[in-house]
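Participant: this one's structure only:
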């Protein structure tokens, strides 16, 4: 059952508030708006990029009816802690897959190859912060942080990699609360930092070890020019 149907069956509607992640896709927030309810943006955990249960507690009000969390980049949201928050406040909690991903559809061999690539990158990349390890992480996207003073450093880093043929991408270009039709006058620090610093590097199963080594060499050469901000 989809998020829209779940919220409808729970009676969520006009005047209700639904806590949603501030970092990631806008689809969940737009579903809330479609119901006539109000999306309230919660900050994310800086390691998982998923909705932070503590941040949910910070934004719950008497009008809050539900929480919708999203698994991000193959990392699972903290469903247990989120449900504890929900039980404490009497809220519906829904945890969904990231739009556009199909974790059940990948061939097992492809997933294992991707994890091998991740292990190689984790052990060799310097000058960027590699993804936080977690049980069950499938690395749908391999998202690093580029240290420095925010977006100009990350964007310059990305341009230099693309110029050498590395298909990197900024995974989330703006907080959801700055997107058209969803604008709110809030600033959430972990979300802002994640938007400014994150970069997705290619890690698909078809990559050769030579391609991975070349990407590592380029990243390390660029990263060495930046001052770590960890």
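Facilitator: That came through, no problem. Being a predicted model, the structure only gives us computed values, none of them experimental. Numbers count the residues shown, from 1 in each chain.
Participant: what helices and strands are in contact with the longest helix along the chain?
Facilitator: As assigned by DSSP state H, the longest helix anywhere in the chain is helix 108-124. Secondary-structure packing of helix 108-124 (3 or more CB pairs under 8 Å, 6 or more residues apart in numbering; DSSP states H and E): strand 142-145, helix 209-223. Using the backbone N, CA and C atoms, a C-beta is placed for each residue, glycine as well.
Participant: again, only this time at 6 Å
Facilitator: Where contact means 3 or more CB pairs under 6 Å, 6 or more residues apart in numbering; DSSP states H and E, helix 108-124 is packed against helix 209-223.
Participant: now the helix it packs on against helix 108-124, angle please.
Facilitator: Between the axes of helix 209-223 and helix 108-124, defined by axes from the mean of the first three to the mean of the last three CA atoms, to 10 degrees, the angle is 30 degrees.
Participant: flag every buried residue along helix 209-223.
Facilitator: 212, 215-216, 218-219, 222-223 (16 or more other CB atoms under 10 Å).
Participant: in CSV: the residues you listed, plus pLDDT and distance to residue 66.
Facilitator: Shown next, in CSV, are the buried residues of helix 209-223 (pLDDT from 0 to 100; distance: CB to CB, whole Å):
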residue, pLDDT, distance to residue 66
212, 97, 42
215, 96, 41
216, 96, 43
218, 94, 44
219, 93, 40
222, 87, 43
223, 72, 41
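Participant: between these, which sits nearest residue 162?
Facilitator: Nearest to residue 162 out of the buried residues of helix 209-223 is residue 218 (CB to CB; 10.5 Å).
Participant: how many other residues sit next to the closest residue to the closest one other than its chain neighbours?
Facilitator: Among residues not flanking residue 218 along the chain, residue 164 sits closest, at 5.6 Å (CB to CB, 6 or more residues apart in numbering). The local packing of residue 164 (other CB atoms under 10 Å) involves 12 other residues.
Participant: can you check the one 10 residues further on too?
Facilitator: For residue 174, the number of neighbouring residues by other CB under 10 Å comes to 13.
Participant: cool, residue 99 as well?
Facilitator: Using other CB under 10 Å, residue 99 is surrounded by 12 other residues.
Participant: re the thing from before, save the buried residues of helix 209-223 as JSON lines, and put in distance to residue 63 too.
Facilitator: Putting the buried residues of helix 209-223 into JSON lines (distance: CB to CB, whole Å) gives the following:
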{"residue": "212", "distance to residue 63": "49"}
{"residue": "215", "distance to residue 63": "48"}
{"residue": "216", "distance to residue 63": "49"}
{"residue": "218", "distance to residue 63": "50"}
{"residue": "219", "distance to residue 63": "46"}
{"residue": "222", "distance to residue 63": "47"}
{"residue": "223", "distance to residue 63": "45"}
